[in-house]
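Asks: Here is my input, please return the structure:
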Amino acid sequence: MKTACSALLFCIATISVGAGEPERLTIRVSPTVSFAPANLVVRTAISANADNRLVEIIAESEDFYRSSEVQLEGDRAPRIATFEFRSLPPGSYEVRAILRGSTGAERATVRQQINVLASAAGH
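Replies: Here you go, the predicted structure:
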């Protein structure tokens, strides 16, 4: 019985470990809904890889565009990068993070939608 339980636990652990490659890039934008002028904080998590050279963050609506980028030192780069976009006007925004490799090619792209509402005071 003890051997059967040990074998079952080993199989479960093996399946969990081999479940697939971790995501190369994730983002979390906050707040997802706010009033203008909005300050957004974009936190990226980047998997360590020797080919990582640049992460670019873009906040874009129909009438507004802002971007920022940070150079990365491959697998020695910090796993977390935080960006802040200040005073965004009202609009529906797509916030994108693009991870680029040593040749400039895209390694990963992620997106998140956020909404900046017109101020209730009409400013």
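
Asks: In stretch 63-82, which residues are buried?
Replies: Across stretch 63-82, burial judged by 16 or more other Cβ atoms under 10 Å covers R66, L72, A77, A81. The way it works is simple: take the backbone N, C-alpha and C, and place the C-beta from them, glycine included.

Asks: So which of those residues are in strands?
Replies: Under the assignment DSSP state E, the buried residues of stretch 63-82 contribute R66, A81 to strands.

Asks: ok, the buried residues of stretch 63-82 vs P90, which is closest?
Replies: R66 (14.3 Å; Cβ to Cβ).

Asks: which residues does the closest one bridge with?
Replies: A59 (DSSP bridges).

Asks: Could you export the buried residues of stretch 63-82 as a markdown table, including distance to P31 and pLDDT?
Replies: Formatted as a markdown table, the buried residues of stretch 63-82 follow (distance: Cβ to Cβ, whole Å; pLDDT from 0 to 100):
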| residue | distance to P31 | pLDDT |
| --- | --- | --- |
| R66 | 17 | 97 |
| L72 | 27 | 96 |
| A77 | 27 | 95 |
| A81 | 19 | 94 |
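
Asks: Now for the buried residues of stretch 63-82: which two are most distant?
Replies: With distances taken as Cβ to Cβ, the most widely separated pair in the buried residues of stretch 63-82 is R66 and A77, at 22.6 Å.
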